[in-house]
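Asker: prediction below, plus the sequence it came from.
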Amino acid sequence: MEALRIAFLHGLVAIALVGPLVWLAGSGRGRAAVVALALAGGVAGALFAYAPAGSRLPMETVLLKGGTAWAGLCLLLAVMDVTVLGTLRRRYPAVRLGMVLALAATILPLDGIDLVRQVRTLVFMKETSAPWAWAGLGLLAAAASGWLISWVFRRFGARRYATMWSYLLVAPVVRLAIQPSVIPNLESIVSRVAHDGMHVLVLLIQLPDHAYLSSGVWTAIGLVFMSTTGLLLNVAVYVGVAAFVLVRQASKPLPLREDENPAQRRRRWTTLKTQRRLTFLPIYVAMAMFAVLAYTTWAATGTPKTPTPATLPAGGIEVASLADGELHSYVFGRSSDKRVIAIHKPDGSYSVCLDACLVCPPDGYARFGTDLFCLYCGTPIPLGTVGQPGGCNPIPLTFTQSAGRLVFDQTQAEVAWQGANSGK
Amino acid sequence: MRSHRIRFLARSLGRAMANRSSRVLLLVAALTISASLATALVAVSQGIEARLGESMRAFGANLIVEPAARQVGAGALALGDVSVRLDPQKYAAALSAVPGVESVCPRVSTTVALNGDELPVLGIDPAEMTGAKWRLRGALPAQGQALVGVDIAARYKLSPGSKVPGFEALSVSGIVESGSEDDQAVVLRLDDALRLTGGRVTGFLLRGDGSRLDGIARAIETANPELSARTVRQVADAERSLLDRVRRLLFIVTLSVALVSAIAVGNTQSIVVLERTEEIGLLKAMGATRGFIAGYFALEGAVVALAGGVLGLAVGVTVAETIAASVFGATIPIALVAWPIPFAVAGIVSAVAGALPVWRASAVDASSTLKGL
Amino acid sequence: MGAHEATTMGSGLLRLTGVSKYYGGTGALREVDCRVRRGEWVTIMGPSGSGKTTLLSIIGGLSRPSDGEVLFEGTDLTALNESQLARYRRENVGFIFQQHHLIPYLSALENVMMAQFLHSMPDEREAIAALRTVGLEHRLRHLPAQLSGGEQQRVGIARALINSPSLLLADEPTGSLDRENAQSIMEMLRDLRAAEEFTVVMVTHDPWVGEWGDRTILLEDGRAVTERTESV
């Protein structure tokens, strides 16, 4: 049942992406067949990827790496097309169709995996209410933004930029760029580089670091790397495709014919409208897709959870109390002014860290989805990397696990706390 | 050039229906009846189910021990108004001694009269309140304090610090929300409650070793023949089987009502098609296909079904809440799954009953318009 | 009339070969052969029960002959399936009925627009223009019940011609009108035909109506007895 649902969603992605692509390719005959094939392929792919239920998807890594390589290749192809392949493509429709299909094949598996992942998160969370109401709202919002974009295009006469090749060039780049979650840890790498780079820069020009950048600025910087931002950009890309197609088609004027009477003209117009409606079908499906995507992502994120500090239990942190997978924080030290955090990570291991990093003032951390967030600068830290030292990661503590308790050296922790926070 | 096909279709459909408003109203009424009945049925049984077992699950208890004379019935979970009461000290010791029993929680469940209302009262050991899967706003009751259910708090506009209705000496320390019938109860500290019942309790909630609950229950009953020990599952099962029987009965009633309204709908639709034969012939002469005629009438059926669904939802929810108010004395949340039901019922009845008339309409002989009248 | 007339007039539009129609055992039409040329006005006359209306409904694609062949611009109507026949009706044929057959709950304008809707899509401006042509611009929003018989029939004409059919079929178009109204209806048809060059096949038992046509086909007991040319 679950697999069916995911397969269905995956099929929707297939239509949403391949539909417009193939449509843009203007392959005419067999267009429906290609969409149907992509749908079937997508469904089969998702079922295959999901087959070893419960275990980690072994296909996932393969597809991710393969997909990334493909993306590079196709980008190269697209760039070459502008220069070399263009003539070939214009002469042979098969080359043109092949390139479009290759690009579709590039984008699809990534989306499929992402979707499967999101759906799984959703299934495990089960915290949501009225999912379809949200999906409906998302649909409305998507339709409205699609209309708005197409209106802007029409209003400002930007139609001539909405070509197939501008889309084909832009879409994969944007997709890869905005969806770093597809490539594990890319998001954190990017944000780490940006964040640490800023610190280094400030250090180089010998200015006191955070004094000049208020935490509001850091929050704004953090926002850029938030998954919601990625989602919004993602939606924009989908809506963009829809808008391209809508604008190109809908603004095509009905050519006048001299020998026609009004009835024949009405007839021709109606036939044209019906055909258009059919070609718009994949776009409507794509819009429905936004809704699902928006909802799954929204449901998977939720609100950041800031732990309330508890007193550190005398015998150490009880493992059982961490079983909820949430971030827990404890005060310790002679004057109870220092904090540690502990978490049971999704991979099964435990981490005990100071509630502070080397860089920011010790405002602490909150959990948000699969990331910790620095409450000062908003940098996301994937749970998988919690426990590793450096940058804006919480400073890890050495601890031992015995008799169901996690024990660490409080004196050392106090020293580390003072070391990290002096001079901030 | 803009196409107004849909607008025109909607307008002419509206005109056609307004032209036969009495028949349309009859159709809507027939559909509303079955749709609302189905909605009310589902809403009420969902509401009952949601409350099933909640009162005990809230404590994490898996065994319930009560005087053996008690009957299991629809009101079994109310635990109130129990004539036989037990001495807590004697039984607490006896029950704790049974192997496998991990904790024993005496519980008082009774009612007090307040302004002509029966106010449910629970008495629980404050230590047990912490283990409860309740959402607690405020604090646990200290001496001279009590908790109130969220429904009571809303009804009497209570907040922590107010006087507890019916117990002027006590003040509210917190408000609990459990999603069960405890929301309508005043929750007293056990000692306060025991004063109401003369030192007797109405039952015990036990936590026992989950792997051998049946054995523990048997052991308790063997040692204390005057007691009846049932697992929470058994209680819930008993409730559920009763509920199932009620539900089956209601289902049959709904089905027969749906059948009757289907016949009414089918009849009316047939008459409408008969009355509009000339019009259908004309549309065909103007080039309408059979499919268009069928779609046109099916669309009319769908609009009627939609109206029946909306009305059915409104009426059904009202009926369900009325039933709930008279049976449970409280509102029931209408589960999200109940919302599409009136539309589905109205749609199915309309589709099944309308199939033959629609087919007949599509089969009208086009040349009949030429024959004159 | 001129060169244009010569090219369109005269070429065959309809050809019926051996058309028969049986209802149970009785034959309503027996082995009827006839031709209608493009632009012609043909009247079908005969006593009641002679099969006039049956012939008209076969030409209009409303019923199928039991036997024979009906060629419209070279296409055999008997070979078409039901939806193809419906398409033939909406794109090529306009009907005028004795009982007018307006939809009672739609206004005059909406009745015309319904024909547009079934053909392709409603176009209010075009429909208003059509009603103006038949002199009803002041009656657009009136329901059929608020119109006189003559006015109803004029709405019927506007409706029949709104989709520019090549074939106008009329079944006793003046049968329920007084002579004065009948006169104005017939004049209107004549003028419209002069402007739009459609072909008319009209069924009547009224010799006065028959005089308006180019040619009359006389039916008797299901057979085409004579072809009488009026005024060509």
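Answerer: Received it, and whenever you're ready, just let me know what you need.
Asker: so what pLDDT did the residue sitting furthest away from the middle of chain C get?
Answerer: Most distant from the centre of chain C: C:G25, at 28.5 Å, with distances by Cα atoms, centre = their mean. With respect to pLDDT, C:G25 scores 77.
Asker: please apply the same query to the one 3 residues further on.
Answerer: Reading off the per-residue confidence, C:A28 sits at a pLDDT of 85.
Asker: got it, and C:L16?
Answerer: 93.
Asker: please name the bridge partners of it.
Answerer: C:L16 has these beta-bridge partners by DSSP bridges: C:C34, C:V70.
Asker: what's the local residue count around it?
Answerer: 24 (other Cβ atoms under 10 Å in any protein chain shown). From N, CA and C alone the C-beta is placed, and that goes for glycine too.
Asker: next one: the one 10 residues further on
Answerer: With neighbours defined by other Cβ under 10 Å, the count for C:T26 comes to 9.
Asker: next: C:R87.
Answerer: When neighbours are counted by other Cβ under 10 Å, C:R87 comes out with 16.
Asker: quick check: it vs A:P346, distance?
Answerer: 62 Å (Cβ to Cβ, to the nearest Å).
Asker: do you know how far B:S171 is from B:D125?
Answerer: Taking Cβ to Cβ, one finds B:S171 at 20 Å from B:D125.
Asker: just A:A413 next, same as before
Answerer: Per Cβ to Cβ, A:A413 is found 40 Å from B:D125.
Asker: also A:K338?
Answerer: 38 Å.
Asker: so between those two, which is more surrounded?
Answerer: Neighbour tally, A:K338 and B:D125, criterion other Cβ under 10 Å: the higher count belongs to A:K338, 22 against 19.
Asker: excluding its backbone neighbours, what's nearest that one?
Answerer: A:W417 (4.6 Å; Cβ to Cβ, 6 or more residues apart in numbering or on different chains).
Asker: now for the helix or strand encompassing B:A92, which elements pack on it?
Answerer: B:A92 is part of helix B:88-97 when elements are defined by DSSP states H and E. Packing partners of helix B:88-97 (3 or more Cβ pairs under 8 Å, 6 or more residues apart in numbering or on different chains; DSSP states H and E): strand B:101-114, strand B:203-208.
Asker: make it 6 Å
Answerer: The helices and strands touching helix B:88-97, judged by 3 or more Cβ pairs under 6 Å, 6 or more residues apart in numbering or on different chains; DSSP states H and E, are strand B:101-114.
Asker: any regions of chain A where pLDDT drops low?
Answerer: Applying pLDDT under 70 to chain A flags the ranges A:1-255, A:275-305, A:368-370, A:376-380, A:390-391, A:422-424.
Asker: if you set the cut-off to 90 instead, what comes out?
Answerer: The model of chain A has pLDDT under 90 over residues A:1-339, A:343-351, A:354-424.
Asker: get me the contact residues on it for chain C.
Answerer: Counting by Cβ under 6 Å from any Cβ of the partner chain, the residues of chain A close to chain C are A:N261, A:P262, A:A263, A:R266, A:R267, A:T270.
Asker: kindly reformat the residues you listed as TSV containing neighbour count, distance to B:G198 and secondary structure.
Answerer: Formatted as TSV, the residues of chain A next to chain C follow (neighbours: other Cβ atoms under 10 Å in any protein chain shown; distance: Cβ to Cβ, whole Å; DSSP: H, G, I helix; E, B strand; the rest coil):
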residue	neighbour count	distance to B:G198	secondary structure
A:N261	11	99	coil
A:P262	17	95	helix
A:A263	21	94	helix
A:R266	24	90	helix
A:R267	19	91	helix
A:T270	16	86	helix
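Asker: between these, which is closest to C:G39?
Answerer: A:N261 (15.6 Å; Cβ to Cβ).
Asker: now do the same contact list for that closest one.
Answerer: Contact analysis of A:N261 by Cβ atoms under 6 Å, 6 or more residues apart in numbering or on different chains lists C:S164.
Asker: and B:L259, how far is that from chain C?
Answerer: 32 Å (Cβ to the nearest Cβ, to the nearest Å).
Asker: would that residue count as being in a helix?
Answerer: Yes - assessed with DSSP: H, G, I helix; E, B strand; the rest coil, B:L259 lies in a helix.
Asker: what about it, distance to B:G266?
Answerer: 10 Å.
Asker: do the same with A:G333
Answerer: For A:G333, the distance to B:G266 - Cβ to Cβ - is 81 Å.
Asker: do the same with B:G309
Answerer: According to Cβ to Cβ, B:G309 and B:G266 sit 18 Å apart.
Asker: those two: which is more packed in?
Answerer: A count of neighbours by other Cβ under 10 Å puts B:G309 above the other of B:G309 and B:G266, at 27 against 19.
Asker: so who does that one touch?
Answerer: B:A35, B:P342, B:F343, B:A346 are the contacts of B:G309 under Cβ under 6 Å, 6+ apart.
Asker: name the element whichever residue of chain C sits closest to chain B belongs to?
Answerer: Proximity of chain C to chain B (Cβ to the nearest Cβ) peaks at C:R90, 2.2 Å away. Using DSSP H and E, C:R90 maps to helix C:82-92.
Asker: quick one: buried residues of that helix?
Answerer: Across helix C:82-92, burial judged by 16 or more other Cβ atoms under 10 Å in any protein chain shown covers C:L85, C:A86, C:R87, C:Y88, C:R89, C:R90, C:E91, C:N92.
Asker: again, but for stretch A:310-325
Answerer: A:L312, A:G316, A:I317, A:V319, A:S321, A:L322.
Asker: which among these gets closest to chain B?
Answerer: Closest to chain B, out of all of the buried residues of stretch A:310-325 and judged by Cβ to the nearest Cβ, is A:S321, at 15.3 Å.
Asker: could you grab the helix/strand/coil label for the residue lying closest to that closest one once chain neighbours are set aside?
Answerer: Spatially, and ignoring its direct neighbours in sequence, A:S321 is nearest to A:H328 (6.7 Å; Cβ to Cβ, 6+ apart). Using three-state DSSP, the structure places A:H328 in strand.
Asker: and the most centrally placed residue in chain C, how far from C:Q116?
Answerer: By Cα atoms, centre = their mean, the mean C-alpha position of chain C lies nearest to C:L169, the distance being 1.0 Å. Applying Cβ to Cβ, the value for C:L169 to C:Q116 is 19 Å.
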